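*Asks:* Structure, please.
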Amino acid sequence: MGVYGGGVYGAGLYGGGPDLAQTTQAVYPPRVLLSATGLVAGQLVTIGRVPAGDTVRTPVRGADETTMTTSALVRADGEAPFGVSLTYWLTINGVDVDFETVSLTLPGGNVVVSDAISADAVELVISSWPEKDYDIPGNVYTVGGRNILVSQPGGGFTGTIEFFVDTDDARTAVVALLRGATSGIVQLRQAGPYNGVDAYLGITRVNEVRFSQDGTDDRRLVVADVVEVGPWGGTLESSTFTLQDIANHYAGGTLQDIADDFAATPTLLAIALGDFS
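*Replies:* Numbering: from 1, shown residues only. Reported below is the predicted structural model:
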């Protein structure tokens, strides 16, 4: 239920007008699936996220001033912070129409490193992250016996993070993610709310360190040299369930099984909003 032009504009009040709905999908890490319905072709639609205590509204990937060609917009938010209340706003042609609130909980108690574009993610333990190094670009010139500093504002931090893994499967997964991340970028998030942990990281080097030379000891430190960067390009959309996920969910089944499960709402939109984890 939101506001539209100063009045209430909830689903069904004006012939099923614009409505925003959210579903927390049971995947790791949890993500929010957002659906805006009751739209009209030609409308300029944005879905934005605002964490509690913040004033900055971040557009959901793939839903930033999108010109509609259909009556519905479905997008996954795979980058939301954990442990805080989130408000999602549906904006049409610059006017806030509807909103939804949700809070995400990160299970496991550790941090997650994820790629929202490919939907790959691993749960990790940070064993060491001793410092963040902020370089300030500049040059020093000696003029008349005085040092003159010519500088400019610095960018994000650089640093080295050590992740601990105790199985070969975990080692394989984290190394593959860090080396193959979309645009070389991963997102680090914690259960929250803790300051100074969540970040988008560009990976510049990955190193595996053995605990021992015993071939039966799977423990490793995966050491990553990182630089703080912005998120992935705005033209890239977050992955949600694929046709393969649906096939795996109905392993050994037929299309009739899907039809039976969605008999109440037999539409492609309903399937797009389904949970096939």
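
*Asks:* all contacts plus neighbour counts: C-alpha atoms, from now on.
*Replies:* OK.

*Asks:* State the mean pLDDT of stretch 221-233.
*Replies:* Mean pLDDT, computed over stretch 221-233, is 96.

*Asks:* Figure out how far that stretch is from the centre of its chain.
*Replies:* In terms of C-alpha atoms, centre = their mean, to the nearest Å, the centre of stretch 221-233 is set 15 Å apart from its chain centre.

*Asks:* How about stretch 172-181?
*Replies:* Centre-to-centre, stretch 172-181 and its host chain are 17 Å apart (C-alpha atoms, centre = their mean).

*Asks:* With stretch 153-170 instead?
*Replies:* Counting by C-alpha atoms, centre = their mean, stretch 153-170 comes out at 18 Å from the chain centroid.

*Asks:* Then stretch 177-188?
*Replies:* That offset, for stretch 177-188, works out to 12 Å (C-alpha atoms, centre = their mean).

*Asks:* Begin at 662 from now on, thanks
*Replies:* With the count now opening at 662, the last piece we talked about shows up as stretch 838-849.

*Asks:* what is the rounded mean pLDDT of that stretch?
*Replies:* On average, stretch 838-849 scores 97.

*Asks:* What residues of that stretch count as buried?
*Replies:* Across stretch 838-849, burial judged by 16 or more other C-alpha atoms under 10 Å covers Leu838, Leu839, Arg840, Gly841, Ala842, Thr843, Ile846, Val847, Gln848, Leu849.

*Asks:* next one: stretch 771-780
*Replies:* Val772, Val773, Val774, Ser775, Asp776, Ala777, Ile778, Ser779, Ala780.

*Asks:* cool, stretch 713-723 as well?
*Replies:* Thr719, Pro720, Val721, Arg722, Gly723.
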